[in-house]
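> Prediction below, plus the sequence it came from.
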Amino acid sequence: MRSVLSASKTAVAIRRYGRKAVAIDGALGSGKTTIAKALGRRLGLPAFHLDDFVSKRRGSYLKYMRHHRLALRLPASGKFIIEGVCVLEVLRKLRVQPSVLIYVKRMVSGR
């Protein structure tokens, strides 16, 4: 199944179905951050980037995630956008269940 929506159509769908957290997962370089920023602006929600909460140059992503620091930054309302590789695993550890999950595939040109 292939489904590609514009930022405005995605925002409309999120307003309709997404009452709380919106999680964006996908491959490195697939555009997760760009999508999170665009949706955050359209929906008036803060966007968080998992890369901002990882100790750099440690050789592992999940192992060096600063979960406590991230948990302190997330709004108590539960209304936010969060993106990053393995975002569902991070949210699971924080006991946050997103109401919307967006998976971004890196499109290969010519296919």
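It's in.
> Next, the buried residues of stretch 70-81.
70, 74, 79-81 (16 or more other CB atoms under 10 Å). No exception for glycine: its C-beta is placed from N, CA and C like everyone else's.
> out of the residues you listed, who's nearest I35?
I81 (8.7 Å; CB to CB).
> in the chain, what spans have low per-residue confidence?
Within the chain, the ranges that satisfy pLDDT under 70 run 1-5, 17-18, 57-60, 107-111.
> Need the residue closest to the centroid of it.
Geometric centre of the chain, nearest residue: E83, 2.1 Å, by CA atoms, centre = their mean.
> beta partners for that residue?
Beta-bridge partners recorded for E83 (DSSP bridges): I24, H49.
> between the buried residues of stretch 70-81, which is closest to I24?
The nearest member of those to I24, counting by CB to CB, is I81 at 6.8 Å.
> wait, isn't that closest one in contact with I24?
Yes. The pair I81 and I24 passes the contact test of CB atoms under 8 Å, sitting 6.8 Å apart.
> hmm, back to that, helices - which of the buried residues of stretch 70-81 land there?
L70 (DSSP state H).
> can you tell me which residues contact the nearest residue to D25 once chain neighbours are set aside?
Spatial nearest neighbour of D25, excluding adjacent residues (CB to CB, 6 or more residues apart in numbering): V87 at 4.7 Å. Neighbouring residues of V87 by CB atoms under 8 Å, 6 or more residues apart in numbering: 23-25, 50.
> hey, C-alpha coordinates of stretch 38-52 in PDB?
Output in PDB follows, covering the C-alpha atoms of stretch 38-52 (Å, rounded to 0.1, in the frame of the first residue of the first chain):
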ATOM      1  CA  ALA A  38       5.600  21.300   8.800                       C
ATOM      2  CA  LEU A  39       2.800  19.500  10.700                       C
ATOM      3  CA  GLY A  40       3.800  21.200  14.000                       C
ATOM      4  CA  ARG A  41       3.300  24.600  12.300                       C
ATOM      5  CA  ARG A  42       0.000  23.600  10.700                       C
ATOM      6  CA  LEU A  43      -1.400  22.100  13.900                       C
ATOM      7  CA  GLY A  44       0.100  24.500  16.400                       C
ATOM      8  CA  LEU A  45       1.800  21.600  18.200                       C
ATOM      9  CA  PRO A  46       5.400  21.400  19.500                       C
ATOM     10  CA  ALA A  47       7.600  19.100  17.500                       C
ATOM     11  CA  PHE A  48      10.300  17.000  19.200                       C
ATOM     12  CA  HIS A  49      13.200  15.400  17.500                       C
ATOM     13  CA  LEU A  50      14.700  12.300  19.200                       C
ATOM     14  CA  ASP A  51      18.200  13.200  17.800                       C
ATOM     15  CA  ASP A  52      18.100  16.100  20.300                       C
END
